[in-house]
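J.: Sequence isn't available, so here's the structure alone:
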């Protein structure tokens with residue numbers, strides 16, 4: 001978190017939580033980028049956030065994605081945001097849905113088998129832990 005990420009009340013500004021979720025999603029999908037067909041990509045279809053406790057500077061925001069559902073073309077995740085070093089305190093709880101899409105037409109497309117396998121493998125790892133942390 002940067003000094004400029006605070007609002008007038010010296011709390012992390014609400015937009016920063018969405019940027020932290022975005023950065024975490026990039027860390028999840030970047031290693032799989034070579035598995036996507038040309039002209040397809042991940043599009044954010046939904047993002048919502050409940051701000052539970054104000055976070056103040058200085059801090060590192062820990063973002064934990066917990067998959068809820070892997071659909072034909074979508075991935076629905078529950079997201080927890082905590083201050084690094086405070087694993088028992090949730091500062092924000094969010095939900096995000098991404099969809100694999102044909103980028104020119106904007107229509108959804110099914111996960112290619114290698115991507116689906118990589119996500120399912122990640123789900124298996126997630127099932128035995130607390131989630132994907134970025």
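T.: That came through, no problem. Fair warning: this is a prediction, and the values are worked out from it, not measured in the lab.

J.: Point out where the chain drops to low pLDDT.
T.: 123, 125-134 (pLDDT under 70).

J.: hey, where'd the strands end up in it?
T.: 40-51, 61-70, 74-83, 92-102, 132-133 (DSSP state E).

J.: now the ones you listed in a markdown table, with mean neighbour count and distance to residue 3?
T.: Glycine gets a C-beta too; all of them are placed from N, C-alpha and C. Output for the strands of the chain, formatted as a markdown table (neighbours: other Cβ atoms under 10 Å; distance: least, Cβ to Cβ, whole Å):
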| stretch | mean neighbour count | distance to residue 3 |
| --- | --- | --- |
| strand 40-51 | 15 | 20 |
| strand 61-70 | 18 | 14 |
| strand 74-83 | 20 | 16 |
| strand 92-102 | 19 | 20 |
| strand 132-133 | 18 | 24 |
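
J.: Quick one: those strands as CSV, columns for distance to residue 16 too.
T.: What follows is the strands of the chain, written out as CSV (distance: least, Cβ to Cβ, whole Å):
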stretch, distance to residue 16
strand 40-51, 11
strand 61-70, 8
strand 74-83, 10
strand 92-102, 10
strand 132-133, 17
